[in-house]
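# Provided below for reference: sequence and predicted model.
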Amino acid sequence: MNKHIATNVIFFVALMCLFFLNTVHAIGWYWYAIPIFLYLLVSSIGSYFIQLNYFTHSYCSGDRNKPQIAITFDDGPNDHTAKVLDILKVEKVPATFFCIGQRIKSNESTLSRIQAEGHLIGNHSFGHKTTFPLQSSGAIAKEIQKCSEAIRSVIHKRPLLFRPPFGVTDPMVASGIKRSGMYSIGWSLRSYDTVIASSDKLLQKLNTVSNGDVILFHEAGLQTANVLSQFIKNARAKGFEIIPLDQLLGIQPYEK
Ligand SMILES: [Zn+2]
């Protein structure tokens, strides 16, 4: 059973117990506040941590017994993508770029280059608005399809990998992903490269990499391009092989 549905059942049973208790012995209203508070808390945690697979199953890591990892970049294509591609080319490392649909129009050549250099392209919604998870499942499915169409118009392949904006999931996002036939993709190691301003601290954070990790970067991260090469060297020195995301997760990246 889906974790969210299981929580709904537990919440319902808890409320029924309180109603019953109230009929045999009057209880204060605050007793009802306890399950409501816990329900909201559990739902919020489930929304925020995609790795919990609370509302839907997301692919967040590969085989924990193999020294293989995959790297991903979110929120492009943008002015920083070319620099990241240059580094990946020198290091001969494959990556996956989760692209925002509306950024493709002015960056078609960058998207083509990502594809031409052997990297994967995934869907990261069309607009990446903060209100994305609050839309109806139909609107979410439409937005996912709009982004996939923007990607397809350039690379002539329709992506199957979808990373929810901000990694936030809820019942509408879960249903929108299902309706659009995509795989939900999360991560297991978040670099926090949009907030860590020190390259040493960022490398320290990345040094915690372990077997099967899917690493989340952003091309426009504060120090991402500055540490990328060193990170790759460190990971290789520790015996990790950096492989394509579809291979690590064992799923198809594009529609056949
Ligand atoms: Zn994003």
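Thanks, I have it.
# Counting by contacts, list what whichever helix or strand F97 is part of packs against.
With elements taken from DSSP states H and E, the one containing F97 is strand 95-99. Applying 3 or more Cβ pairs under 8 Å, 6 or more residues apart in numbering; DSSP states H and E, one finds that strand 95-99 contacts strand 68-76, helix 81-91, strand 120-123. C-beta here means a position set from N, CA and C on the backbone, and glycine is covered the same way.
# The ones you listed into TSV, with extra columns for distance to V168 and mean neighbour count?
Conversion of the helices and strands packed on strand 95-99 to TSV gives the following (distance: least, Cβ to Cβ, whole Å; neighbours: other Cβ atoms under 10 Å):
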stretch	distance to V168	mean neighbour count
strand 68-76	13	25
helix 81-91	24	18
strand 120-123	15	26
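# I'd like these laid out as TSV, including mean pLDDT.
Output for these, formatted as TSV (pLDDT from 0 to 100):
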stretch	mean pLDDT
strand 68-76	98
helix 81-91	98
strand 120-123	98
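# quick one, which of these is nearest to the ion?
Nearest to the ion, of all the helices and strands packed on strand 95-99, is strand 68-76, at 4.2 Å by Cβ to the ion.
# The closest one near the ion anywhere?
Yes. Taking Cβ under 5 Å from the ion as the criterion, strand 68-76 and the ion are in contact, through D74, D75.
# Could you spell out the sheet neighbours of that strand, each with its direction?
Neighbouring strands of strand 68-76 in its sheet, by DSSP bridges, are strand 95-99 (parallel), strand 214-218 (parallel), strand 241-242 (parallel).
# Turn those strands into TSV, including mean neighbour count and mean pLDDT.
Listed next are the strands paired with strand 68-76 as TSV, based on neighbours: other Cβ atoms under 10 Å; pLDDT from 0 to 100:
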stretch	mean neighbour count	mean pLDDT
strand 95-99	27	98
strand 214-218	23	98
strand 241-242	17	98
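# okay, the helices and strands packed on strand 95-99 in a markdown table with distance to T130 next?
Below are those laid out as a markdown table (distance: least, Cβ to Cβ, whole Å):
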| stretch | distance to T130 |
| --- | --- |
| strand 68-76 | 13 |
| helix 81-91 | 23 |
| strand 120-123 | 18 |
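# among those, which is nearest V154?
With Cβ to Cβ as the measure, strand 120-123 is the member of the helices and strands packed on strand 95-99 nearest V154 (8.7 Å).
# Switch the strands paired with strand 68-76 over to CSV; also include distance to the ion.
CSV is the format used below for the strands paired with strand 68-76 (distance: least, Cβ to the ion, whole Å):
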stretch, distance to the ion
strand 95-99, 7
strand 214-218, 7
strand 241-242, 21
